[in-house]
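Asks: build the 3D model from these lines:
(one chain, ligands or ions: 1)
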Amino acid sequence: MPFVRSACLAVMIAAALPAALAAEPLCPSTWPAQPAAWVAHINEVNRGLGIPPDYAAKHNLVPLPEGSDLAQAPRDVYGRKVEMVAPAAAALKRMFAAAARDGVKLETVSGFRSMNYQSGLIRRKLKSGMSIQQALTINAVPGYSEHQTGCAIDLTTPGVPAADGSFEHSKAFAWLQQHGADYGFHLSFPPGNKYGYEYEPWHWRYVAAEQHPARSR
Ligand SMILES: [Zn+2]
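Replies: Prediction:
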């Protein structure tokens, strides 16, 4: 039953969220430290999956919040619902429209994924006989995936398989490299990223616009 949370946890999250939301924009450039109860829950889930306790720190990963108040992003290539936090979904729609005006068709593959969903993906791989080390080369550690925040999106374009490296050579990728930042979208895992993740040209993260002191002076 991967989607059922304990009532106790729901209360913990409800208590932790308002403070976090009040202090930070939904998709900040740097994630603030997460509430201790949430971090403890992440650790417990990962212990249950057999993930080494020092795995995240060794990969320069920090615990991330779970997105809430989700909004619809454009449906995925199979017509399934895709969600992101509201400002990210709105920015994505603006970006898709701008790309379309330039003759580029962007499509979604995957947006928000809860930590429970992420754990389920790994559990299925373990059940199929994969080692946890192998599973973690494919799926992010629960609690540390940008998809859990609701700020990240996997993109593709017609003719390119989902989550495929060949996206790098598409017209859509070239467009994103040139214009993505105008809409707040940035490539999370370029070649040689500090997390040791493989290069993921399809994975983009929305970062809320920040105040630039230099400009307001
Ligand atoms: Zn992704």
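Asks: from here on, just use CA atoms for contacts and neighbour counts.
Replies: Fine.
Asks: get me the contact residues on the chain for the ion.
Replies: Proximity of the chain to the ion (CA under 5 Å from the ion) is limited to residues 154, 203.
Asks: what segments of the protein are strands?
Replies: Remark: strands assigned in the chain by DSSP state E are 70-73, 82-85, 107-110, 152-156, 185-187, 203-206.
Asks: let's have these in TSV, adding mean neighbour count.
Replies: Putting these into TSV (neighbours: other CA atoms under 10 Å) gives the following:
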stretch	mean neighbour count
strand 70-73	18
strand 82-85	25
strand 107-110	22
strand 152-156	26
strand 185-187	20
strand 203-206	25
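Asks: tell me the contacts of L136?
Replies: When contacts are counted by CA atoms under 8 Å, 6 or more residues apart in numbering, L136 is found next to I122.
Asks: and the nearest residue to E83 once chain neighbours are set aside, how far is that from the ion?
Replies: With sequence-adjacent residues excluded and distances taken as CA to CA, 6 or more residues apart in numbering, E83 is closest to Q72, at 4.7 Å. As defined by CA to the ion, to the nearest Å, Q72 lies at a distance of 17 Å from the ion.
Asks: from memory M95 sits against G184, does it?
Replies: No - contact between M95 and G184 fails when scored by CA atoms under 8 Å: they sit 9.1 Å apart.
Asks: more neighbours: those two, which one.
Replies: In terms of neighbours (other CA atoms under 10 Å), M95 is the more surrounded of M95 and G184; the figures are 21 against 18.
Asks: tell me the contacts of the more buried one?
Replies: Contacts here follow CA under 8 Å, 6+ apart; on that basis M95 touches 180, 183.
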